[in-house]
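> What follows is a predicted protein model with its sequence.
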Amino acid sequence: MSARISNNLRSAKAVAAALSDSEDERLSENSNDGSVFLVSNDEDSEIEKVKGEDVITEYEDDDEFDLETEPASKQRRLNKGADRQSCRGSRSSGNPNFSTNTKNDDMDVETPVEAFRVLFDDAILDKIIIHTNEEIERVMCLLISKEHQCQSIHKKIDKEELCAYLGLCFYSAYFKENESCVKDMWDDVFGRGIYRATLSGKRFEFLNRVLRFDDKNTRSERRATDKLAPIREIWDIFIQNCTNNFEPANNCTIDEQHKPEIIMSYNCYKGATDTFGEKSHEFSTARRTARWPLRFFYNMLDQSAVNARVAYNLNADNPRLSRKKFLKKLAFGLVEPHLRRRLGIATIRASIKKIIRKLLEIDEHVPAVVSVIKENTRSKCHLCDSNAVGRTRMKCPNCLRRMCDDHRTAICVECSAAN
């Protein structure tokens, strides 16, 4: 604690020095009125207060410099919290100093997906697709070299499927299941149908492993001068998109990086930084991973969702959405094109197609199941060889031709609806 107090004291001295217009106003141990702090060289020693109050007047609201009794300190902390809340209240009540505007007047986004794609544009998605497919090729070559068979989960990714993957990440944030294991999320009984309808669990896990954001062949060379090399390309594009489309207000704090001359008013203006961090972590897409670039990417998704909602709500024609409702609409908007594509794939299970139809609000018409027709007389099956001697009484209910047991089958109602 003493070491922390000493560090804060040195910061306070620097602030006082920066704010002073003359050398006489600077904080020093040889002050004329004797109002000083004496700090011992021993880091475990306590700060000793000498007569006079002028020097510490500006810092009497700081808990680190409060040397009064415990009840008075508690009351002072409560008052400081009320002051901060007052600042936040003035911001929410429409204080123009905290307003946010868009630089581009034509950026009138009408859907959450459009707002998200302003920040995560095609330039970012294309780089992810290129480098992810490069990693998939390496995985497939490795499997072939070990004489393993490549499966459907190892296929390359396209933009539509990548957006669907991002949509599932946002759904996991919406349901607060980002830390749940994939097996539980895709469970037929306890899992959610939106996950199974969009991607298979194995495909989702595979994409988590192979998702890449840079050229792996040149990474070591770039990393020598840039520690952020594995994700630098898309990070710079993302930051550029944010700065090109949003205009900060006059009073802003950038992630608690403040200069000494504004440290005195920092507590009043830092609320937006705290709020942004709180919103980013309240509904987080971050999953447990040992790869820090992937964790960094999840953080970009969280930040983009917060900023995209701001852009969406700035359009007066759009209904104002809460954070949670916006996230839900964004997630569904990203997965919807892929759901419609899967609905047309013949090999998708009928139970999955049933979930997709329900999600897309498509009426499911289940035709009546017609039983086979049984005649009184026997006749030759029209599918059997001409030399066959077998006879049958059964007729196909569609073509009304004879069919034997070897050339007929029975299907369930769900499969009949799918066909």
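Thanks, I have it.

> Please make it C-alpha for all contacts and neighbour counts, starting now.
Fine.

> Tell me who's in contact with M185.
Counting by Cα atoms under 8 Å, 6 or more residues apart in numbering, M185 makes contact with 177, 191-192, 195.

> closest to C141 among those residues?
Checking those against C141 by Cα to Cα gives Y195 as the nearest, at 29.0 Å.

> what about the nearest residue to the closest one once chain neighbours are set aside, how many neighbours?
Distances taken as Cα to Cα, 6 or more residues apart in numbering put W186 closest to Y195, at 6.2 Å, once the chain neighbours are dropped. Burial of W186, expressed as a neighbour count using other Cα atoms under 10 Å, amounts to 21.

> what residues are up against W186?
W186 neighbours (Cα under 8 Å, 6+ apart): 192-193, 195-196, 200-201.

> at 10 Å what do you get?
Applying Cα atoms under 10 Å, 6 or more residues apart in numbering to W186 gives the contacts 192-197, 199-202, 204.

> Can you flag which of those belong to helices?
Residues from the contacts of W186 lying in helices, with DSSP state H as the criterion: 193-197, 201-202, 204.

> Of these, keep whichever come out buried.
Burial by neighbour count, judged by 16 or more other Cα atoms under 10 Å, picks out 193-197, 201, 204 from the ones in helices among the contacts of W186.

> now, among these, which is nearest to C399?
A197 (34.7 Å).

> For R295, give me its contacts.
Counted by Cα under 10 Å, 6+ apart, R295 has contacts 285-289, 301.

> Can I get the buried part of these as one ChimeraX selection?
Remark: buried members of these, expressed as a ChimeraX selection using 16+ other Cα under 10 Å:
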select :285,286,287,301
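
> Do a quick rundown of the strands in the stretch 101-250 of the chain.
101-102, 246-247 (DSSP state E, counting those that start in this stretch).

> My error: substitute the stretch 251-400 of the chain in the last question.
Under DSSP E, counting those that start in this stretch, the stretch 251-400 of the chain gives strands at 373-379, 392-395.

> okay, these, which one's buried deepest?
strand 392-395 (a mean of 20; mean count of other Cα atoms under 10 Å).

> so what does it touch, helix or strand wise?
On a contact count with 3 or more Cα pairs under 10 Å, 6 or more residues apart in numbering; DSSP states H and E, strand 392-395 meets strand 373-379.

> Identify the residues contacting the strand it packs on?
Contacts of strand 373-379 (Cα under 10 Å, 6+ apart): 389-398, 400-404.

> Out of the residues you listed, which comes closest to A164?
Nearest to A164 among those, with distances taken as Cα to Cα, is N398, at 39.4 Å.

> before we move on, back to that, which one of the contacts of M185 has the most neighbours?
Y195 (22 neighbours).

> per-residue confidence at that one?
Predicted confidence (pLDDT) for Y195: 96.

> Then the one 10 residues further on?
In the predicted model, E205 carries a pLDDT score of 95.

> Just give the nearest non-adjacent residue to it, would you?
Using Cα to Cα, 6+ apart, the closest residue to E205 is V182 (7.4 Å).

> so the one you found touches G201, yeah?
Yes: with contact defined as Cα atoms under 10 Å, V182 and G201 form a contacting pair (6.4 Å).

> where do the contact lists of the two overlap?
Between them, V182 and G201 share the contacting residues Y195, judged by Cα under 10 Å, 6+ apart.

> Could you verify my assumption that T132 touches K159?
No: using Cα under 10 Å, T132 makes no contact with K159, being 11.3 Å away.

> In terms of neighbours, single out the busier of these two.
T132 (23 against 14).

> Out of the contacts of strand 373-379, give me the two with the largest separation.
Using Cα to Cα, the contacts of strand 373-379 reach their maximum pairwise distance at V389 and N398, which is 24.3 Å.

> Thought A305 was touching S322, still the case?
No: using Cα under 10 Å, S322 is not in contact with A305; the gap is 11.8 Å.

> Which one of the two is surrounded by more residues?
A305 (26 against 10).

> Contacts only, for the more buried one.
112-113, 115-116, 119-120, 170, 279-280, 283-284, 299, 323, 326-327, 330.

> Next one: the residue nearest to E205 from L383, what distance?
Here the criterion is Cα to Cα, to the nearest Å. By it, V182 lies 47 Å from L383.

> do W186 as well
In terms of Cα to Cα, W186 sits 43 Å off from L383.

> mind listing what E177 touches?
So E177 contacts 169-171, 184-185, 283-287 (Cα under 10 Å, 6+ apart).
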